[in-house]
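In: Predicted coordinates and the sequence they were generated for:
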Amino acid sequence: MPIYKQESSQYWYIDIIGPSGERIRRSSRTANKEEAQELHDRLKSDLWRVRQLGDRQKHTFEEAALRWLQENSHKRSLENDKLFLRHFVPIFRGQYLNEIKRDAILTSVSKLHVSNATKNRHLALIRAILRKAEREWDWLEEAPAIKLLPEPKRRVRWITPEQAATLLRELPEHQRAVVTFALATGLRQSNVLNLRWLDIDLPRRVAWVHHDESKTGKAMTVPINDTAVAILREQFGRHPEFVFTYRGKNIAEANTKAWRAALIRAGISDFRWHDLRHCWASWLVQGGTPLIALQEMGGWSSEQMVKRYAHLSADHLLGHSKLLDDKLLSYPQKTRG
């Protein structure tokens with residue numbers, strides 16, 4: 001019985017006795033009988049070639065995508081991977097991995113109406129899958145070399161404390177508290193909005209971001225300054241679980257019409273909610289906070305991420321530049337007559 005159906009499933013199933021006597025039963029993942037038979041015949045032929053000729057068994061892109069998702073089911077990036085695969089699977093459905101060429105991949109991604117950064121996340125995923133198929137699964141002789149697209153440098157947009165004060169005055173009360181807390185702690189939007197009372201230790205003046213809520217996947221301890229403490233005290237008693245709420249429910253989104261309207265009234269343009277974190281970091285660096293301390297406070301995974309703010313402080317270079325004073329001050333000064 002080469003293909004058959006089960007009462008509980010809409011799909012046809014494949015039943016094959018391999019060259020070595022092993023029995024293979026699996027779903028064809030199709031309700032079309034002809035497609036199921038074609039898959040059965042292809043799989044049987046592949047098994048024979050592996051046995052008789054020593055050829056590598058061929059695997060389709062769908063098989064590789066499914067195995068990738070199964071092996072990475074515990075990762076925080078799983079939902080993003082599923083989203084990107086929705087683009088690739090229809091394009092490469094039914095193709096063996098060795099038939100997928102670099103030009104076809106680049107062409108498929110070039111048709112996406114998104115930024116190069118988003119295109120690169122698509123490319124990075126399919127590159128990772130094909131590399132794993134080559135290096136770990138032994139499903140592919142050689143993965144195509146895929147180079148990522150150029151991306152503009154990450155922007156660092158910040159406003160002055162005076163501009164921030166103007167913005168805060170224009171915000172509704174519940175958003176003013178959220179924005180002030182973000183400016184005081186540097187926390188990302190999701191970490192601020194999902195902050196729970198259980199994550200705060202006021203006597204020790206710290207808050208915690210758990211590993212499953214952190215962008216880097218690592219837990220972090222957040223120091224709470226006087227401004228943040230004052231905001232927290234204002235929120236006492238409003239909700240038993242969440243710190244920041246509106247009309248009895250935790251705030252789900254901060255980038256709202258009220259936020260955008262406040263920016264307009266404050267005369268601030270080209271400013272996103274995430275830029276509050278840039279303000280926090282920029283103000284600290286301008287105040288003399290070392291980059292190594294900033295990296296730990298902000299929970300960045302690499303030193304490269306905080307070097308974006310290095311140009312805002314030159315105090316540590318002043319001593320070196322003064323080494324030239326003795327030489328240059330001895331130069332004769334031209335006087336105006």
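Out: Happy to help now that I have it. Everything numeric in this text was worked out from a predicted model, so none of it was measured. Residues are numbered from 1 along each chain as shown.
In: Which pLDDT value belongs to Gly54?
Out: Turning to Gly54, the model gives it a pLDDT of 52.
In: My error: substitute Leu312 in the last question.
Out: At Leu312, pLDDT is 69.
In: what ranges do the helices span in the stretch 101-250 of the chain?
Out: 102-110, 116-135, 161-170, 173-185, 189-193, 226-235 (DSSP state H, counting those that start in this stretch).
In: Just the CA atoms of the third one, as CSV, please.
Out: What that stands for is helix 161-170. What follows is helix 161-170, C-alpha atoms only, in CSV (Å, rounded to 0.1, in the frame of the first residue of the first chain):
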residue,chain,number,x,y,z
PRO,A,161,16.3,67.8,29.2
GLU,A,162,14.5,71.1,28.5
GLN,A,163,12.7,69.6,25.4
ALA,A,164,11.8,66.5,27.4
ALA,A,165,10.2,68.7,30.1
THR,A,166,8.1,70.4,27.5
LEU,A,167,7.0,67.1,26.1
LEU,A,168,6.1,65.8,29.5
ARG,A,169,3.9,68.8,30.2
GLU,A,170,1.9,68.0,27.0
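In: in which helix or strand would I find Arg25?
Out: strand 23-27 (DSSP states H and E).
In: quick revisit: relative to Ser214, which of the helices of the stretch 101-250 of the chain is closest?
Out: helix 189-193 (7.7 Å; C-beta to C-beta). Where you see a C-beta, it was placed from the backbone N, CA and C, and this is true even at glycine.
In: who's in contact with the strand holding Arg25?
Out: Ser9, Tyr11, Trp12, Tyr13, Ile14, Asp15, Ile16, Ile17, Gly18, Leu43, Leu47 (C-beta atoms under 8 Å, 6 or more residues apart in numbering).
In: Which among those count as buried?
Out: Trp12, Tyr13, Ile14, Ile16, Leu43, Leu47 (16 or more other C-beta atoms under 10 Å).
In: I'd like the residues you listed as a markdown table, with distance to Arg102, pLDDT and secondary structure appended.
Out: Output for these, formatted as a markdown table (distance: C-beta to C-beta, whole Å; pLDDT from 0 to 100; DSSP: H, G, I helix; E, B strand; the rest coil):
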| residue | distance to Arg102 | pLDDT | secondary structure |
| --- | --- | --- | --- |
| Trp12 | 34 | 85 | strand |
| Tyr13 | 35 | 84 | strand |
| Ile14 | 31 | 84 | strand |
| Ile16 | 33 | 81 | strand |
| Leu43 | 27 | 76 | helix |
| Leu47 | 29 | 70 | helix |
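In: Which one of the residues you listed is nearest to Arg29?
Out: Trp12 (8.9 Å).
In: Please report how far that closest one lies from His274.
Out: Going from Trp12 to His274 by C-beta to C-beta, to the nearest Å gives 49 Å.
In: Let me see the domain layout of this structure.
Out: The chain breaks down into these domains under automatic domain parsing: 3-53, 61-135, 161-318.
In: Next up, identify which helix or strand Met305 is on.
Out: With DSSP H and E as criterion, Met305 is part of helix 303-306.
In: buried set for that helix?
Out: For helix 303-306, by 16+ other C-beta under 10 Å, it's Met305, Val306.
In: Packing partners of it?
Out: Packing contacts for helix 303-306, counted by 3 or more C-beta pairs under 8 Å, 6 or more residues apart in numbering; DSSP states H and E, involve helix 291-298.
In: if we can go back for a sec, reformat the contacts of strand 23-27 as JSON lines; add distance to Arg29.
Out: Shown next, in JSON lines, are the contacts of strand 23-27 (distance: C-beta to C-beta, whole Å):
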{"residue": "Ser9", "distance to Arg29": "10"}
{"residue": "Tyr11", "distance to Arg29": "6"}
{"residue": "Trp12", "distance to Arg29": "9"}
{"residue": "Tyr13", "distance to Arg29": "10"}
{"residue": "Ile14", "distance to Arg29": "10"}
{"residue": "Asp15", "distance to Arg29": "15"}
{"residue": "Ile16", "distance to Arg29": "15"}
{"residue": "Ile17", "distance to Arg29": "21"}
{"residue": "Gly18", "distance to Arg29": "20"}
{"residue": "Leu43", "distance to Arg29": "12"}
{"residue": "Leu47", "distance to Arg29": "18"}
